[in-house]
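Trainee: have a look at this fold, sequence not included:
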């Protein structure tokens, strides 16, 4: 382009002058021109403007093409031209021994030399053929047995043979056929990137070949490189997607830094900013990216070069050669319009200074301008007048030639402004053209409007790469064209998707054919005929007025004009989208989503045309490289979610089914390990499933996922995460049919396709377990829950047997520990565990939670499966892991019993609030306790340190107020001692008894708190035992409290008696193994409980209150007397047994003294009820020779205590002479009182007589 000392003002004056001519004289002014001359002047002025903008565009295109002319036409031509060699030449240097070591021979005979020569010629021929057509070259070398037929042997040939064209190697590795793909995978896998810096890894990888020129080939190679790097360095990035994106970014940085054509170099901050959020949504460390930036900038990554062209030529064409000319935008997303301003300003300033310096030398001096940026300023001063000239002429003139010329001008201006990145100007022209189509008011359409539609379609095809936001105007026009064509043909309206109340007959008939006269007055058709503004998407305000017949006739005539635009032309715009560059296709999809949303949300005439086109676009562009497709899908995903959650059920179903079709096609593509794109692709299903309030949509999603998984199960990799999330949501659904449907698919997956679940990533095992556990909580049918529990056991078997495919393939990928939010707290309890063992955590904790299920069948099944898993596979666990199992799996199982104990100790109000909780029955308690003991016995050597924990759990059962857990705890504790008692050490036995002591102590303290709740209840004096039944005198709250206390007292007595039973049984069974320290704890327990029983039975006020409450409530009284007698009897028996069979322990612990003390206490208790009811011995004021008869209550008490007194007397008879003499001063007075007492049992006097006889014998013997 030349500039003849022309400034922007000159261009402005020229264009403004042409504008004035094109617009004609202003109204009211006079002119000497005839009407014909005036029109001619106007048209010629428009033509001049069109030629000006056309010249600008032509020159601009030439300048861009000059820059590209330095690039080679194709990689193949360059490869064939620069590397072609004659087969007879010996410039192909190949190491023969790499392929046929048997040819190396020290013999120099002619035959051997001839064979070697023939072999080299044949091999050289194959290499040359490979450099021209790589696939045929490989086939030739394999068929001639110069190269083996396996991919590894071909890789050895490619890596070790000299003379191969590096560009051709890259082309061959990028092929998508099966065998070249296998070779590429083997080639990449032959590299060891372990502990290698990412930049060094790329540098090392690209040393043997040049990246091909096709973007799809580059994508396949870099995808495999990213997977290999992550496999060699498992802790480098969160997924292979990160390495994949970063690899592209590094290549772009290398091009930017070392390409002399790039003027504005990328800075360190730019590089860091461009790579934000690529690590699974998180940022890589800035220090890491900065170091990588410095490494690449300072040391260029040089690919293998086999070209003889100068280095500058190679660098100039690097982007084109790599097929990455559009990927710079993909990674950097540069804004050309903003960048150009600063540079252009300097350029214009330089040119103006040059003009001034040459002013006056020659009026005909011309200056050649080669920088396209200068064009921007010329367009900036003339686009406004051009828009006015073209618009006014097109609007006012019906001349076909003038309209065509104006539309040509529009197309040229759009082309220039779009390519130059002048967004405002481009959008203004496109918007004007869209309005000139008159599609919004079809009744007034003319041929020029149809020509405007054609021009818009041409712009979409030719300049689609530069339209950006202007796509919305174009796609809106295409949508309106299709709508009008369907109305004209009488096709059914899309309203059938939305109006559920519409009759089936109307749906079937659709609209009447508008091209036939006498069309019905349908509201939608009337609105279209009437028309509206360009920006309106709804029916106009005058919707009720009928249209006239002449309006319909005019509209029908105009619809015939639209027949010039066929469906092929419309569809071609959408089909052409697969040729758009990266930024262009992203902008195209965004615009189409906006247009589709506008169609769907139309209150009067909703449509699904653009929605169907979105599905088509996704199909067309699904084969783009992952970096591009991920950006496209990010937009589509949000759109599908938004529409999928629409209140209109028909549209939501349509969208979900469309998403299913896309997913089926997408799952045909193979996904490599460590990638996450399938999961991202299926995420819309997950979000809609979780948020949709429509059961129909949720059921449809389950069906879609089921169909996809079962038909594409071998291709599902990272998509399993989304699959299990959908089924997990379905498992908790409120509709039974959805739960059952999802579980049927889940059952098939686990039974038949379990190996696929963890084929590439073992962490999906956790998702599978989590899903099954959710199914176990289903309340609709126990069959689903029980089957889910069975599948959990199956998963455990697979896990124990190494059934995770990841384990079979090797441990090099080292997956991270599967910790989800739900199980994070539990997993923290399993410290320093092996990563593979950690997969047990969600399985075990999930079963543990099920043991507190409200359904008995589920509780029993989960308990059985959990403890069977621990017993069968516990040998795989370390001691540290077992500690975690006890704290996070086993302890929570018994928490329900502990919690109940704690709540019961707080009073009646708390007790009643616990009624909604889950309490264990006797069967469940027994099963849990027995399973715990069996487990502990089976792995005792490994988890011996957990003895105190196990005993504490059993003690917790014993102190339960319910009878079932108490009996279960006692039985389990005895079973534990029976199985392991012989192996217990002194400290371990002590742990057992201390745990029982603690249980008894806690029970006593909690019960005393309960008793204090009745302290405030007034005790009313009564005259007889029958006066307690006056319920009217008792407050309702007090009555409830007293009832609760009575109930708890009975339970408490039962628990204490059970504790005494456990202690005495343990003592009798393992007496020979127990030491003095153990006996001490046993006696402390018995002493504590007997003292408590005596205190309870001696509280007369308490007894009166309890007796009164039982009388009013018609309840049986707590057996306090029985409690006191039984505990003292057991205590006495143990002391007597120790004295008889363990003399060493007796002597050490002074058991004899304890026996005498207990005996004296028992005798006093008996005498208290037999001598005089309610009076102490020393307080009797009557003469001592008076004997009063006992009342009924005293007689009953004496009868109950008689067996205990008899036991005491017999124990005294068993004392040795010295022992009896020592205790005689304390014992003899009590014996005398027994003689004076009235007895309810005849055995007492008999035994007493025997005692006296023994005493006299002892005295006389002395």
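Mentor: Right, received. Where do you want to start? Quick caveat: nothing in here was measured; it's all calculated off a predicted structure. Residues are numbered from 1 along each chain as shown.
Trainee: every contact and neighbour count from this point should use C-alpha atoms.
Mentor: Noted.
Trainee: any idea how many residues pack against residue 763?
Mentor: 22 (other Cα atoms under 10 Å).
Trainee: what about the strands in the chain?
Mentor: 2-3, 367-368 (DSSP state E).
Trainee: least confident of the ones you listed, on average?
Mentor: When these are ranked by mean pLDDT, strand 2-3 comes last with a mean of 45.
Trainee: pLDDT score for the closest residue to residue 988 other than its chain neighbours?
Mentor: Leaving aside its sequence neighbours, residue 988 sits nearest to residue 947 (Cα to Cα, 6 or more residues apart in numbering; 7.4 Å). What the model reports as pLDDT for residue 947 is 87.
Trainee: which residues does the residue sitting nearest the centre point of the chain contact?
Mentor: Most central in the chain under Cα atoms, centre = their mean is residue 721, positioned 6.5 Å from the mean C-alpha point. When contacts are counted by Cα atoms under 8 Å, 6 or more residues apart in numbering, residue 721 touches 679, 764, 767.
Trainee: show me the shaky parts of the stretch 1151-1262 of the chain.
Mentor: The stretch 1151-1262 of the chain contains residues with pLDDT under 70 at 1171-1191, 1255-1262.
Trainee: if we use 80, what do you get?
Mentor: Where the stretch 1151-1262 of the chain drops to pLDDT under 80, the residues are 1170-1194, 1214-1224, 1228, 1236, 1238-1242, 1251-1262.
Trainee: residue ranges of the helices in it, please?
Mentor: 1151-1171, 1192-1213, 1217-1236, 1243-1261 (DSSP state H, counting those that start in this stretch).
Trainee: make JSON lines out of those helices and add distance to residue 195 and mean neighbour count.
Mentor: As requested, the helices of the stretch 1151-1262 of the chain are exported to JSON lines (distance: least, Cα to Cα, whole Å; neighbours: other Cα atoms under 10 Å):
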{"stretch": "helix 1151-1171", "distance to residue 195": "73", "mean neighbour count": "20"}
{"stretch": "helix 1192-1213", "distance to residue 195": "82", "mean neighbour count": "19"}
{"stretch": "helix 1217-1236", "distance to residue 195": "84", "mean neighbour count": "15"}
{"stretch": "helix 1243-1261", "distance to residue 195": "92", "mean neighbour count": "15"}
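Trainee: right, so of the ones you listed, which gets closest to residue 1039?
Mentor: Of all the helices of the stretch 1151-1262 of the chain, helix 1192-1213 sits nearest to residue 1039, with 25.4 Å by Cα to Cα.
Trainee: run the chain-centre distance for that closest one.
Mentor: In terms of Cα atoms, centre = their mean, to the nearest Å, the centre of helix 1192-1213 is found 72 Å from the chain centre.
Trainee: residue 296 reaches residue 254, doesn't it?
Mentor: Yes. If you go by Cα atoms under 8 Å, residue 296 and residue 254 touch, sitting 6.1 Å apart.
Trainee: redo the helices of the stretch 1151-1262 of the chain as CSV? Include distance to residue 732.
Mentor: Shown next, in CSV, are these (distance: least, Cα to Cα, whole Å):
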stretch, distance to residue 732
helix 1151-1171, 62
helix 1192-1213, 60
helix 1217-1236, 73
helix 1243-1261, 70
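Trainee: of the ones you listed, which is nearest residue 786?
Mentor: Set against residue 786 and scored by Cα to Cα, the helices of the stretch 1151-1262 of the chain come closest in helix 1192-1213, at 52.4 Å.
Trainee: run through who's touching the closest one.
Mentor: Residues outside helix 1192-1213 that contact it (Cα under 8 Å, 6+ apart) are 1121-1122, 1125, 1128-1129, 1132, 1136, 1159, 1162-1163, 1166, 1169-1170, 1173, 1220, 1239-1241, 1243-1244, 1247-1248, 1251, 1254.
Trainee: same question, stretch 1046-1053
Mentor: Defining contact as Cα under 8 Å, 6+ apart, one finds that stretch 1046-1053 is touched by 961-963, 1003, 1007, 1106, 1109-1110, 1117-1120, 1123.
Trainee: from the chain's centre, how far out does it sit?
Mentor: Centroid separation between stretch 1046-1053 and its chain, computed with Cα atoms, centre = their mean, is 50 Å.
Trainee: I'd say residue 452 and residue 407 touch.
Mentor: Yes. Residue 452 lies in contact with residue 407 (Cα under 8 Å); the separation is 6.6 Å.
Trainee: list the contacts for residue 170?
Mentor: By Cα under 8 Å, 6+ apart, the neighbours of residue 170 are 209-212.
Trainee: for residue 287, state which of those residues is nearest.
Mentor: Nearest to residue 287, judged by Cα to Cα, of the contacts of residue 170 is residue 211 at 28.6 Å.
Trainee: gap between that closest one and residue 171?
Mentor: Relative to residue 171, residue 211 is positioned 7 Å away (Cα to Cα, to the nearest Å).
Trainee: name the nearest residue to residue 995, sequence neighbours excluded.
Mentor: Nearest residue to residue 995 in three dimensions, chain neighbours excluded: residue 952, at 5.7 Å (Cα to Cα, 6+ apart).
Trainee: and that neighbour, how many neighbours does it have?
Mentor: 20.
Trainee: equivalent analysis for residue 987, please.
Mentor: For residue 987, the count of nearby residues is 10 (other Cα under 10 Å).
Trainee: ok, residue 153 next?
Mentor: There are 17 residues near residue 153, going by other Cα under 10 Å.
Trainee: distance of residue 891 relative to residue 952?
Mentor: Using Cα to Cα, we find residue 891 at a distance of 10 Å from residue 952.
Trainee: can you check residue 1229 too?
Mentor: 46 Å.
Trainee: check residue 177 too.
Mentor: Taken as Cα to Cα, the span from residue 177 to residue 952 is 66 Å.
Trainee: repeat for residue 287
Mentor: From residue 287 across to residue 952, the span is 53 Å (Cα to Cα).
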